[in-house]
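**Q** Kindly return the folded structure for what I paste below:
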Amino acid sequence: MGDERYCRALLSYIDVLGFADLIERSRTDASGVEAIADLLSKLKARSSAWSRIHRSPQGEPENIFASFDFSDHIVRCSRIAEGAIVSDLFDSELFFLGDLQLAVAEGGALVRGSVTAGEIFFKPGSSLIFGPALVRAYELERDHAVYPRIAIDRLLIDEARMVGGNRSWEDYLLQGEDGLHFLDYLFDWSQTGFAIPGAPDPKPRIKAHRSTIIAAIDRDPRERAMRKLMWIGRYHNSTVQRVVGRFEQRFSGEDTTQYMVPDHLLTY
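**A** This next block holds a predicted model:
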């Protein structure tokens, strides 16, 4: 095959929470198959749309990005090319993933996943991908993300802080009670909407996020599912409180409970 070897890359691993349950319900719901196909089509199109081009020290452009998918699993790879700054790639990836996670939630689904960096074999335009980084990303998602959140590898955070460069990626992180850092997507996109003149009003996105959580809780009363949904409900409410606290004037005169998941849905 030629000179095939691992390269170092930033890697994101995403899947749809409760996808097996969606499949099971689609067996008796006539609209279920179409809804799943629409969800996956939009998720895959969105995840592969943001290609990256790197310029070598000699000024030559090269494609360093590829997206792979199977069923509801999405893997995004960005090769860390010569001269690339990890923190800049990291910042760009978290910005993209935050929008992706919120957009999927607005559409009625929740995702979880992980972001790491390490050795991987992949080629843009090829269906082949394997390596230690993919194993690491899968294990982070399976063992630590657990809830509808995108876990961020602690080793990647340490590296990004050490190499310098863009540090705005730190605004995208939140640390859970279990010590895990994850993507603080709802807060970041809400504050961006309020802070940047001319940006779309984030209030409809907050309400759509709330509606998805409430609908999911109403749909699935099982204890295992409820633990995950109550986690995202509490994350939603704490985020709304932080947003209202920072941009109080934008909520002047409003009953902010309209943006919150009702407390009675978040207790057993």
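**Q** Every contact and neighbour count from this point should use C-alpha atoms.
**A** Fine.
**Q** residue ranges of the helices in the stretch 101-250 of the chain, please?
**A** 132-140, 154-163, 185-195, 203-219, 223-246 (DSSP state H, counting those that start in this stretch).
**Q** Do a quick rundown of the strands in the chain.
**A** Taking DSSP state E as the test, the strands found in the chain are 7-16, 53-55, 61-63, 65-70, 73-79, 111-122, 129-130, 150-152, 173-175, 181-183.
**Q** low-scoring stretches of this structure, by residue?
**A** The chain contains residues with pLDDT under 70 at 1-3, 50-62, 124.
**Q** Quick check: can you list the domain ranges of it?
**A** 7-183, 197-268 (automatic domain parsing).
**Q** Give me whichever of these is most buried.
**A** domain 7-183 (a mean of 17; mean count of other CA atoms under 10 Å).
**Q** Quick one: end-to-end distance for it.
**A** Terminal residues of domain 7-183 lie 25 Å apart, using CA to CA, to the nearest Å.
**Q** Numbering from 13 from now on, please.
**A** Sure thing, new numbering starts at 13, so read that last one as domain 19-195.
**Q** circling back to that earlier point, and G257, which of the strands of the chain is closest to it?
**A** G257 lies closest, by CA to CA, to one member of the strands of the chain: strand 185-187, at 16.9 Å.
**Q** Okay, now the sheet partners of that closest one, with direction.
**A** strand 193-195 (antiparallel) (DSSP bridges).
**Q** List of residues touching the partner strand?
**A** 106, 110, 161-166, 184-188 (CA atoms under 8 Å, 6 or more residues apart in numbering).
**Q** let's go with 10 Å and repeat that
**A** Identification of contacts with strand 193-195 by CA atoms under 10 Å, 6 or more residues apart in numbering yields 106-107, 109-110, 113, 124-127, 156-157, 161-166, 169, 181-188.
**Q** Relative to the whole chain's centre, how far out is that strand?
**A** On the basis of CA atoms, centre = their mean, to the nearest Å, strand 193-195 sits 9 Å off its chain's mean C-alpha point.
**Q** How about stretch 106-121?
**A** That offset, for stretch 106-121, works out to 6 Å (CA atoms, centre = their mean).
**Q** likewise stretch 42-55?
**A** 19 Å.
**Q** now stretch 169-182
**A** Offset of stretch 169-182 from its chain centre (CA atoms, centre = their mean): 19 Å.
**Q** Next: stretch 231-251.
**A** Distance, centroid of stretch 231-251 to centroid of chain: 17 Å (CA atoms, centre = their mean).
**Q** want to throw the strands of the chain into a markdown table with distance to M242?
**A** As requested, the strands of the chain are exported to a markdown table (distance: least, CA to CA, whole Å):
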| stretch | distance to M242 |
| --- | --- |
| strand 19-28 | 17 |
| strand 65-67 | 40 |
| strand 73-75 | 41 |
| strand 77-82 | 28 |
| strand 85-91 | 23 |
| strand 123-134 | 15 |
| strand 141-142 | 34 |
| strand 162-164 | 16 |
| strand 185-187 | 17 |
| strand 193-195 | 17 |
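**Q** between those, which gets nearest to H276?
**A** Closest among these, using CA to CA: strand 123-134, at 23.7 Å.
**Q** Could you tell me the angle between the closest one and strand 77-82?
**A** If you take axes from the mean of the first three to the mean of the last three CA atoms, to 10 degrees, strand 123-134 sits at 120 degrees to strand 77-82.
**Q** With just CA atoms, put strand 123-134 into PDB.
**A** Presented in PDB, the C-alpha positions along strand 123-134 are these (Å, rounded to 0.1, in the frame of the first residue of the first chain):
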ATOM      1  CA  VAL A 123     -25.700  13.400  21.500                       C
ATOM      2  CA  ARG A 124     -22.700  12.400  23.500                       C
ATOM      3  CA  GLY A 125     -19.000  11.900  22.600                       C
ATOM      4  CA  SER A 126     -15.400  12.700  23.300                       C
ATOM      5  CA  VAL A 127     -12.500  14.800  22.000                       C
ATOM      6  CA  THR A 128      -8.900  13.600  22.200                       C
ATOM      7  CA  ALA A 129      -5.600  13.700  20.300                       C
ATOM      8  CA  GLY A 130      -3.200  10.900  19.400                       C
ATOM      9  CA  GLU A 131      -2.000   8.500  16.800                       C
ATOM     10  CA  ILE A 132      -4.400   7.500  14.000                       C
ATOM     11  CA  PHE A 133      -4.400   6.200  10.500                       C
ATOM     12  CA  PHE A 134      -6.800   7.900   8.100                       C
END
